[in-house]
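Chemist: Show me how the following folds:
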Amino acid sequence: MSVFNTIADRHGFKRIDTSRAGQFRHYGIRRMMAHVGLPAWKLPLVARSFMGMMTDNAHTIPLFDGVGDALRHLSAGGVRLAVVSSNSEHNVRQVLGPELAGLVTQFECGMSVFGKASRMRAVLKASGVAADEAIYVGDQDTDAEASHRTGVAFGAVHWGYATIESLREAGCDEEFVTPRDLHRIRLSS
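Modeler: Presented below is the predicted three-dimensional model:
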């Protein structure tokens, strides 16, 4: 939200009143695009601008408290970690830092927010993991959508962008209230 209006000015769509930011957490990506008048054809340009701005500041973006510990716990328990993100791999690695990025076995990054399903399939194929043995943890309705399209369970987080109510509407299989709750993820026997 801190850079949204800068990007809106740059690409010619409506600004938002940041005092109403909480309201927008109930909006899915498509609804948000309609609200600000952002046509789908501009989305790749807007995404590139966002990633460029994030590249300049990625080293200052903190992880949510407890995410690092959760990733360490999962990795130590033998869970293979992959990142599927519309953000760039460079930005994801910068935010994670070298230690945590080193726990991730595969990065599939830089696609459209609507292109995650094909990247999730690529992760499954490369890792040899069946869709019904994986879980995709995310914070947007498009994450749930991609999970459903690939047959992967969707784990909705309470601490991310979208509200848990909107993620429930999108169809989540698991809920994680805090990052520590990710410890419940186990290898299937």
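Chemist: quick one, helices of this structure?
Modeler: 4-11, 21-24, 29-36, 43-57, 67-76, 89-101, 116-127, 141-150, 164-170 (DSSP state H).
Chemist: got a markdown table for those helices, with mean pLDDT and distance to residue 82 too?
Modeler: Where C-beta positions appear, they are placed from N, C-alpha and C, glycine not excepted. Converted to a markdown table, the helices of the chain look like this (pLDDT from 0 to 100; distance: least, C-beta to C-beta, whole Å):
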| stretch | mean pLDDT | distance to residue 82 |
| --- | --- | --- |
| helix 4-11 | 80 | 28 |
| helix 21-24 | 72 | 29 |
| helix 29-36 | 77 | 22 |
| helix 43-57 | 73 | 19 |
| helix 67-76 | 97 | 11 |
| helix 89-101 | 94 | 11 |
| helix 116-127 | 94 | 5 |
| helix 141-150 | 94 | 13 |
| helix 164-170 | 92 | 20 |
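Chemist: most neighbours per residue, which of those helices?
Modeler: A comparison of these by mean neighbour count, using mean count of other C-beta atoms under 10 Å, puts helix 141-150 on top with a mean of 22.
Chemist: And that helix, how far out from the chain middle?
Modeler: In terms of C-alpha atoms, centre = their mean, to the nearest Å, the gap separating the centre of helix 141-150 from the centre of its chain is 11 Å.
Chemist: now swap in stretch 151-171 and tell me
Modeler: How far stretch 151-171 lies from its chain's middle: 11 Å, per C-alpha atoms, centre = their mean.
Chemist: How about stretch 97-110?
Modeler: From the chain centre to the centre of stretch 97-110 is a distance of 14 Å (C-alpha atoms, centre = their mean).
Chemist: any idea how far residue 137 lies from residue 123?
Modeler: 13 Å (C-beta to C-beta, to the nearest Å).
Chemist: whoops, I mixed them up, residue 79
Modeler: Distance of residue 79 to residue 123, given as C-beta to C-beta: 13 Å.
Chemist: Residue 101 reaches residue 90, doesn't it?
Modeler: No - checked against C-beta atoms under 8 Å, the pair residue 101 and residue 90 is beyond contact range at 10.4 Å.
Chemist: still on that earlier bit, save the helices of the chain as CSV, and put in distance to residue 109 too.
Modeler: Shown next, in CSV, are those (distance: least, C-beta to C-beta, whole Å):
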stretch, distance to residue 109
helix 4-11, 19
helix 21-24, 24
helix 29-36, 17
helix 43-57, 10
helix 67-76, 16
helix 89-101, 4
helix 116-127, 8
helix 141-150, 14
helix 164-170, 22
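Chemist: Point out the one among those that comes closest to residue 157.
Modeler: Relative to residue 157, the nearest member of the helices of the chain by C-beta to C-beta is helix 164-170, separated by 8.0 Å.
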